[in-house]
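A.B. asks: Compute the structure for the input listed below.
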Amino acid sequence: MAEALSTATPMLGSAGTPGSVDVLEAPSRLEPAGMPAPGPTTAQALATDSDSGSAPCALPGRLGRLPVRRLLPTPLGTPFTFGYAAVLAATSYLADHAHPAFVHALHQASSTDVAHLARHPVLVLIASALWIVGGIASPYAVGFLLVLTALERRTGTAWAAGVFLLGHVAATLATEVPVGLAVLAGVLPVGSLHRLDYGISFGVAASVGSLAGLLSPWLRRPLLIGFGAVLVQDLILMTDPVTDGGHLIALAIGVATWPLVRQRHRHLFPGPVVRR
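C.D. replies: Numbers count the residues shown, from 1 in each chain. Purely as a prediction, here's the structure:
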């Protein structure tokens with residue numbers, strides 16, 4: 001090595017003096033082999049979900065290449081959503097083809113009203129989640145398939161089921177307990193203890209709020225603003241203020257799960273995080 005250095009020709013700088021080095025060109029000439037490439041470009045940074053800390057996500061221009069099968073539940077990929085959807089399809093078929101009086105009796109027995117919650121809370125909380133208000137073609141049925149599939153693929157079966165059940169149970173109690181207290185105080189009539197209340201809408205609303213925390217901002221903001229605006233509009237119309245208020249509560253419950261579902265997503269899909 002010493003001999004090679006002694007016999008090497010002196011480098012000429014910009015001034016032509018032996019031994020001097022051009023400072024502007026030295027980094028490019030003297031860069032060692034194997035030097036790591038520069039940091040991520042702007043396009044690469046935009047392709048990473050910065051807020052949720054998840055693995056890089058697709059840019060809007062790549063949505064056209066997203067497989068449709070990834071949007072729908074499968075027995076192996078999303079067993080909770082797939083199995084639950086099969087049960088809901090069966091109960092919806094029964095509601096459409098059975099005698100109306102029989103269907104009404106089933107709905108009444110499955111209602112999470114104050115009277116049923118006081119006697120059989122666990123049974124009616126489960127039974128009420130077996131029906132879709134409006135049938136299989138309702139907006140909440142479509143939302144159930146798309147939202148629960150996406151949430152289960154990002155967090156796992158147990159977590160997706162937990163978020164759905166948390167929204168269903170917590171929002172139901174948050175709306176029915178005040179009704180019971182209002183009846184005791186004489187503000188509402190006794191018939192309010194038997195108001196018909198069933199369906200999956202609370203669980204779907206909580207799942208929407210939870211899933212929004214795992215999306216990039218360009219998807220998260222329109223989802224929350226659009227869905228929240230629909231819920232607020234329903235509440236303003238006062239068609240069913242108890243249920244409409246429960247939808248907003250369920251959405252807020254889903255948003256409150258962001259730290260947990262993001263941590264779960266990072267655990268399932270570890271990868272570098274690029275902050276914008």
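A.B. asks: Just the strands from the stretch 101-250 of the chain, written as ranges.
C.D. replies: For the stretch 101-250 of the chain, no strands turn up when DSSP state E, counting those that start in this stretch is the criterion.
A.B. asks: And the helices in it?
C.D. replies: Secondary structure of the stretch 101-250 of the chain (DSSP state H, counting those that start in this stretch): helices at 114-119, 121-128, 139-155, 157-184, 201-212, 217-237, 241-256.
A.B. asks: Please identify the deepest-packed of those.
C.D. replies: Of all these, helix 201-212 carries the top mean neighbour count, a mean of 28, counting by mean count of other Cβ atoms under 10 Å. All C-beta atoms are positioned from the backbone trio N, CA, C, and that covers glycine.
A.B. asks: how far does that one sit from the chain's center?
C.D. replies: 7 Å (Cα atoms, centre = their mean, to the nearest Å).
A.B. asks: Report all helices and strands that that helix contacts.
C.D. replies: Packing partners of helix 201-212 (3 or more Cβ pairs under 8 Å, 6 or more residues apart in numbering; DSSP states H and E): helix 139-155, helix 157-184, helix 217-237, helix 241-256.
A.B. asks: Alpha carbons only: can I get that helix in PDB?
C.D. replies: The C-alpha trace of helix 201-212 is given here as PDB (Å, rounded to 0.1, in the frame of the first residue of the first chain):
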ATOM      1  CA  SER A 201     -75.400   0.000  12.000                       C
ATOM      2  CA  PHE A 202     -73.600   0.800  15.300                       C
ATOM      3  CA  GLY A 203     -70.900  -1.800  14.600                       C
ATOM      4  CA  VAL A 204     -70.400  -0.600  11.000                       C
ATOM      5  CA  ALA A 205     -70.100   3.100  12.100                       C
ATOM      6  CA  ALA A 206     -67.500   2.200  14.700                       C
ATOM      7  CA  SER A 207     -65.600   0.100  12.100                       C
ATOM      8  CA  VAL A 208     -65.700   3.100   9.700                       C
ATOM      9  CA  GLY A 209     -64.100   5.300  12.300                       C
ATOM     10  CA  SER A 210     -61.500   2.800  13.200                       C
ATOM     11  CA  LEU A 211     -60.500   2.000   9.600                       C
ATOM     12  CA  ALA A 212     -60.100   5.700   8.900                       C
END
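A.B. asks: tilt between it and helix 217-237?
C.D. replies: Per axes from the mean of the first three to the mean of the last three Cα atoms, to 10 degrees, the angle that helix 201-212 makes with helix 217-237 is 150 degrees.
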